[in-house]
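[1] Any chance you can model this:
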Amino acid sequence: MKAVVLEKHGDVNSLLIKNLPDPICKDNEVVVEIKACSINHLDIFVRKGMPGHPIKLPIIPGGDASGKVIEVGKNVSSEWIGEKVLIDPNVELPNGRIGIMGEDTDGVLCEKISVDPSRLVKLHENMDYYKAACLPIAYGAAWRMLITNGRIKPGEQILVLGASGGVGNACVQIARMFDCFVIAGTSSSVKEQKLIELGADVVINYSTEPDFHRTVRAMTGDGVDVAVNYTGGDSWVKTLKCMKTNGRILTCGATAGFDPKTDIRFIWRKELQILGSNSWTKDDIESLVNAVNNGIINPIIHEIIPLKDISRAHQIIESRNFFGKIVISF
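    Sure thing, here's the model as predicted:
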């Protein structure tokens, strides 16, 4: 089978496409033929190397994939054969910790993979493989941030920074599910109208409005109830300034820097809550699949790229010149 292999950290040229042996189907596993895999910013971190989180190399990267079951182990029901499925990237590691495929174990950027069926979510026969592959990491993180940990309520004002990417797109749509007032942040004028079409009530372009906190406060009076900030960097203090008293800041990453300058005065004066979210649950993924089936959520795809062009997919993610998800086809 063909697979993407990362043997050393580096630029996009570190992503190698190799021919590897097909996976062996163990007694309690199934073999999934991969149809689509979406790329996340996590894949960029894995490729470059993650401070404080060593990656065991070589590794097959990639965490999000959908496909079809083509083989079952002797202890698995043959009813799985032919099922369209989505793979939950969460995996239990030997030390008992929960890791992520493509970061802590081999991932899904390969033509076939053997997994335990307990980690599979069945898809409706009409579900699009490409849209399904968008869901686990980005949409799952957004679901956990806003619903499980953020406990958003109808009518709340929600600021979503980085709204043009996969997590941001998901946050905008999930917030609209709750009839929240959504302020979406982007750095591209080209993406402003797309965010309005996605459901944002207002869009702020922080390339032309770098002091976006002033715009948010002028618009809301006393700030927003909830802010989503998974970028970090120089947007962190400005986000603190966007909050109303007892507001909640939700984060699941730091794509622009994990050690930003901060100002804790805003945290105690306004009694803010900063809530981190790490990963998702299989129940979250199943809820997302149902939401897509019911037309409530529509995963946005920027481009579908063949496996052989995996380097270009990484280049697009790093350029930030995209709207939605980048998906790899097999």
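[2] Give me the distance between the residue most central in space within the chain and residue 22.
    Centroid check for the chain by CA atoms, centre = their mean gives residue 138 as the closest residue, at 1.4 Å. Here residue 138 is placed at a distance of 29 Å from residue 22 (CB to CB, to the nearest Å). For glycine as for every other residue, the C-beta is placed from the backbone atoms N, C-alpha and C.
[3] Can you give me the neighbour number for the closest residue to residue 59 other than its chain neighbours?
    Closest residue to residue 59 apart from its sequence neighbours, by CB to CB, 6 or more residues apart in numbering: residue 6 at 5.3 Å. Neighbours of residue 6 under the rule other CB atoms under 10 Å: 22.
[4] show me what contacts residue 6?
    14-16, 46-47, 55, 57-61 (CB atoms under 8 Å, 6 or more residues apart in numbering).
[5] Name the member of these with the most neighbours.
    Counting neighbours by other CB under 10 Å, the top entry in the contacts of residue 6 is residue 61, with 29 neighbours.
[6] Please enumerate the helices of the stretch 1-150 of the chain.
    41-48, 129-133, 140-143 (DSSP state H, counting those that start in this stretch).
[7] need those helices in a markdown table with distance to residue 220 and mean pLDDT, can you?
    Conversion of the helices of the stretch 1-150 of the chain to a markdown table gives the following (distance: least, CB to CB, whole Å; pLDDT from 0 to 100):
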| stretch | distance to residue 220 | mean pLDDT |
| --- | --- | --- |
| helix 41-48 | 29 | 96 |
| helix 129-133 | 33 | 98 |
| helix 140-143 | 22 | 96 |
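[8] would you list those in CSV and tack on distance to residue 116?
    Below are those laid out as CSV (distance: least, CB to CB, whole Å):
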stretch, distance to residue 116
helix 41-48, 22
helix 129-133, 19
helix 140-143, 18
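[9] quick one: which of these is nearest residue 115?
    Nearest to residue 115, of all those, is helix 129-133, at 14.8 Å by CB to CB.
[10] Which strands or helices does the closest one pack on?
    Judged by 3 or more CB pairs under 8 Å, 6 or more residues apart in numbering; DSSP states H and E, helix 129-133 is in contact with strand 30-39, strand 64-72, strand 84-87, helix 282-293, strand 301-306, strand 325-329.
[11] what's the shortest one packed up against?
    When contacts are defined as 3+ CB pairs under 8 Å, 6+ apart, strand 84-87 sits against strand 64-72, strand 120-122, helix 129-133.
[12] residue contacts, the residue located most distally from the centre of the chain?
    Computed with CA atoms, centre = their mean, the residue of the chain farthest from its C-alpha average is residue 74, at 34.2 Å. By CB under 8 Å, 6+ apart, the contact list for residue 74 reads residue 27.
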